[in-house]
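Trainee: below: sequence and its predicted model.
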Amino acid sequence: MHESVALDRSIELLAPAILKSENPILVDATLGLGGHSFALLERFPNLKIIGIDRDKSAIAEAKSRLANFGDRIQIAHSVFDKITEVVNGFGYQKIDGALFDLGVSSMQLDQPIRGFSYSQEAPLDMRMDQSRGITADEIVNTWDKNEIVRILRNFGEEKFAPRIVDSIIAARPIKSTSQLAEIVKKAIPAATRRTGGNPAKRTFQALRIAVNDELGAISRAIPQALELLNVGGRLVVLSFQSLEDRLVKEAFGSVTTSTLPRDLPISVPGHELKYSLVIRGSEGASDVEISENSRAQSVRIRAIEKVAA
């Protein structure tokens, strides 16, 4: 079974919000295999969780893993930017906590057929929800140069994007992850290839983000999650790369920073801050966790609390 990253720290950060309510409701917005939800339900006997995931195979695994908790867990096959719709659909208007564990899951990376990994032979799919949406194959083989360059630059921060895309277009049709990884590798200057890990990493990240509209979903979901919180409720977000973390940082900053002059001698009605950062900035995983779970090495943890209605 895959280990959930920052499991103990997530529980610690959410605990005050859960313990404030007699019948707490929490949203696990990235249910995955149910690791975080299992630990939370086991720890807090009164807690009910709404689990959201776009990956049907992950939901099937989570349902089996969480079956003993009965109606304390309710699961929706959805993207987390529909969080308000999902919560309302289960009959709730407000929640006491929410947890987002962003990015691709270990399970998805470990299933070659999904196409997320550049180190294994697979079709160019990369969809988290395989029942809908465009595939990486469509982008790589049919989109024009400027669009693919934009994706690689914006979502992969790839400085050799034009060279890579020229090589991609020249090699069409490209039908497998290993073929694409080799094309990217050859397009990047030899000196650069020798440093910084697999040269295809940034291209694969960029395509995955584009296929799943990951950054758009985060931008739409975080404000909704903040609005859903009861006073005293908390939102905890785990990010695994700088683009995700930047969006979360900006969203949290926008609701915890006053727009009034700092030296104003009086409080102005309607301008009171409704949210407060639980963590100043962000945290990483502990050295112990990193030594036990390599995926924890890149995690950034942010947490925020709703302090006023």
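Mentor: Looks like it came in fine.
Trainee: how about residue 296: what's its closest non-neighbour residue?
Mentor: Distance criterion CB to CB, 6 or more residues apart in numbering; nearest residue to residue 296, sequence neighbours excluded, is residue 285 at 3.8 Å. Heads up, the C-betas are built off the backbone N, CA and C, glycines and all.
Trainee: show me what contacts that neighbour?
Mentor: By CB atoms under 8 Å, 6 or more residues apart in numbering, residue 285 lies in contact with 5-6, 9, 293, 296-297, 299, 301.
Trainee: quick one: buried ones out of those residues?
Mentor: Using 16 or more other CB atoms under 10 Å as the burial test, these include 5-6, 9, 293, 296, 299, 301 as buried.
Trainee: quick one: the residue nearest to residue 296 from residue 7, how far?
Mentor: Noted for residue 285: a distance of 10 Å to residue 7, by CB to CB, to the nearest Å.
Trainee: cool, residue 57 as well?
Mentor: 22 Å.
Trainee: quick revisit: any chance of the buried ones among the contacts of residue 285 in a markdown table, plus pLDDT, secondary structure and distance to residue 236?
Mentor: Below are those laid out as a markdown table (pLDDT from 0 to 100; DSSP: H, G, I helix; E, B strand; the rest coil; distance: CB to CB, whole Å):
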| residue | pLDDT | secondary structure | distance to residue 236 |
| --- | --- | --- | --- |
| 5 | 92 | coil | 12 |
| 6 | 95 | coil | 9 |
| 9 | 97 | helix | 9 |
| 293 | 90 | coil | 18 |
| 296 | 92 | helix | 15 |
| 299 | 96 | coil | 12 |
| 301 | 98 | strand | 7 |
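Trainee: one step back: more neighbours: which of residue 57 and residue 7?
Mentor: Shown here are residue 57 and residue 7; by other CB atoms under 10 Å, residue 7 has more neighbours (18 against 15).
Trainee: thought residue 38 was touching that one, still the case?
Mentor: No - using CB atoms under 8 Å, residue 7 is not in contact with residue 38; the gap is 9.5 Å.
Trainee: ok, back up a step: which of the buried ones among the contacts of residue 285 sit farthest apart?
Mentor: Longest distance between any two of the buried ones among the contacts of residue 285 is 14.1 Å, between 293 and 301; criterion CB to CB.
Trainee: return the distance of the strand ranked longest in the chain from the chain's centre.
Mentor: In the chain, taking DSSP state E as the definition, the longest strand is strand 229-239. Its chain's average C-alpha position is 15 Å from that of strand 229-239, according to CA atoms, centre = their mean, to the nearest Å.
Trainee: ok, now stretch 23-31?
Mentor: The answer for stretch 23-31 is 15 Å, by CA atoms, centre = their mean.
Trainee: for it, give the mean pLDDT please.
Mentor: Confidence for stretch 23-31, expressed as mean pLDDT, is 98.
Trainee: where does this protein have its least confident helix or strand?
Mentor: Lowest by mean pLDDT, DSSP states H and E among the helices and strands of the chain is helix 106-110, with a mean of 67.
Trainee: buried ones in the helix or strand just after that helix, by neighbour count?
Mentor: Remark: after helix 106-110, the chain's next helix or strand is helix 136-142, criterion DSSP states H and E. Buried residues in helix 136-142, counted by 16+ other CB under 10 Å: 136-137, 139-141.
Trainee: same question, stretch 237-248
Mentor: Within stretch 237-248, the residues scored as buried using 16+ other CB under 10 Å are 237-241, 243-245, 247-248.
Trainee: got the end-to-end distance for that stretch?
Mentor: 8 Å (CA to CA, to the nearest Å).
Trainee: can you name the residues in contact with it?
Mentor: Against stretch 237-248 from outside (CB under 8 Å, 6+ apart): 5-6, 10, 99-103, 155, 157, 205, 209, 214-215, 218-219, 222, 282, 295, 298-303.
Trainee: report the mean per-residue pLDDT for it.
Mentor: 96.
Trainee: off-centre distance for that stretch?
Mentor: 8 Å.
Trainee: for the helix or strand containing residue 154, packing partners?
Mentor: Under the criterion of DSSP H and E, residue 154 resides in helix 145-156. Secondary-structure packing of helix 145-156 (3 or more CB pairs under 8 Å, 6 or more residues apart in numbering; DSSP states H and E): helix 136-142, helix 161-171, helix 201-212.
Trainee: pull out the buried residues from it.
Mentor: Quick answer for helix 145-156 (16+ other CB under 10 Å): 148-149, 151-153, 155-156.
Trainee: quick one: average pLDDT of that helix?
Mentor: For helix 145-156, mean pLDDT rounds to 98.
Trainee: quick check: angle from it to helix 201-212?
Mentor: Put simply, helix 145-156 runs at 100 degrees to helix 201-212, going by axes from the mean of the first three to the mean of the last three CA atoms, to 10 degrees.
Trainee: what lies in contact with helix 145-156?
Mentor: 139-140, 158, 161-162, 164-166, 168-169, 202-203, 205-207, 209-210, 215, 243.
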